[in-house]
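Participant: Structure for this input, please:
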Amino acid sequence: MSEAPPIHSSVKTVSLSIVLFVALIGLWEFAVRYFKVPAFVVPAPSSMFRALYGGIESGLYLEHLGVTLVEILLGFAIGASLGFLLGVGIATNRYLAYFLYPYVVVLQSLPKVALAPLIVLWFGLGLTSKVIAGALICFFAVMVNTIAGLRAVEQDRVDLIRSLGGSHFQVFWMLRLPSALPFIMAGLEIALTFAMIGVIVAEFLGAERGLGMLMQSMNFSMDVAGSFSILVVLAILGLTLNRIVIFARRRLIYWEQRPGARDADPTDAH
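Facilitator: All right, here's what the predicted structure looks like:
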């Protein structure tokens, strides 16, 4: 049974997406006005976009967005690097796998939301606590995917390289790592979202600056339209970062773009 062809971006598909978005916004606006929903429960999109425009025009959102973005990127970089290195160690060294992996699993099983107040308490309201919270919540996704990718290589291919005189490093660099790249990049996509969640939760609990802190202050002042406008900013930020990772994946794993290979981008439906 042949697969359906992928849906590629075109003027028609982009136009349909825009029309669907406008229709949903219009339906939301109509429902709020028709049913007279209080603004402190669900604001109308018009008031939300006014708050968004005001926050951007005043520079308030951009200032806090820069802080949150730095925290997310630092937490993601640290967590992903540690997850990759630890995943390589566990996948290639049976002693690390036996002695260290159970403790990592126990640490990951702890609810990160419950640890966030302690992280803020230990490391203060500044940048450090947010970076640690983001790194802690995202590194496990990279580590698990790295382990799964490195262990998914067929043993016959490993034996072939070793029979030709290949060293352990050559087996890793020429076979295991390229084969594991799709797994690792998938883990990075998940980890980036987790890092963003960890940073925002830590900002909710205590921060001097950042979109999470700003949203929390708006909630206290019952500015629901402003809170929704920050959600829009966070959604755009998350989508942008995700597209950057997908772009990097297409550059690194170029063989996925060959004819007959399935596209790794889930938005290109099959």
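
Participant: now the stretch 1-150 of the chain, which segments are flagged as low pLDDT?
Facilitator: Residue ranges of the stretch 1-150 of the chain with pLDDT under 70: 1-10.

Participant: From one end of stretch 117-129 to the other, what's the distance?
Facilitator: Start to finish, the residues bounding stretch 117-129 are 10 Å apart (Cα to Cα, to the nearest Å).

Participant: And the particular helix or strand that has residue 235 in it, what's buried?
Facilitator: Following DSSP states H and E, one finds residue 235 within helix 224-252. The neighbour-count check on helix 224-252 (16 or more other Cβ atoms under 10 Å) flags 224-230, 233-234, 237, 241, 245-246, 249 as buried. (Glycine included, C-beta is placed from N, CA and C.)

Participant: In terms of distance to residue 188, which of the residues you listed ranks first?
Facilitator: Residue 188 lies nearest to residue 245 out of these, by Cβ to Cβ, at 5.6 Å.

Participant: Please give me every residue in contact with that closest one.
Facilitator: 185, 188-189, 192 (Cβ atoms under 8 Å, 6 or more residues apart in numbering).

Participant: tell me which of those is nearest to residue 90?
Facilitator: residue 188 (17.7 Å).

Participant: what's the neighbour count on residue 114?
Facilitator: Residue 114: 8 surrounding residues under other Cβ atoms under 10 Å.

Participant: quick one: it and residue 167, what's the gap?
Facilitator: 45 Å (Cβ to Cβ, to the nearest Å).

Participant: pLDDT averaged over the helix holding residue 235 - what is it?
Facilitator: The average pLDDT for helix 224-252 rounds to 92.

Participant: Now name the helix or strand holding residue 106.
Facilitator: Using DSSP H and E, residue 106 falls within helix 101-109.

Participant: So which elements touch the next helix or strand after that helix?
Facilitator: Note on helix 101-109: by DSSP H and E, the next helix or strand toward the C-terminus is helix 112-123. For helix 112-123, the packing partners by 3 or more Cβ pairs under 8 Å, 6 or more residues apart in numbering; DSSP states H and E come out as helix 127-151, helix 177-205.
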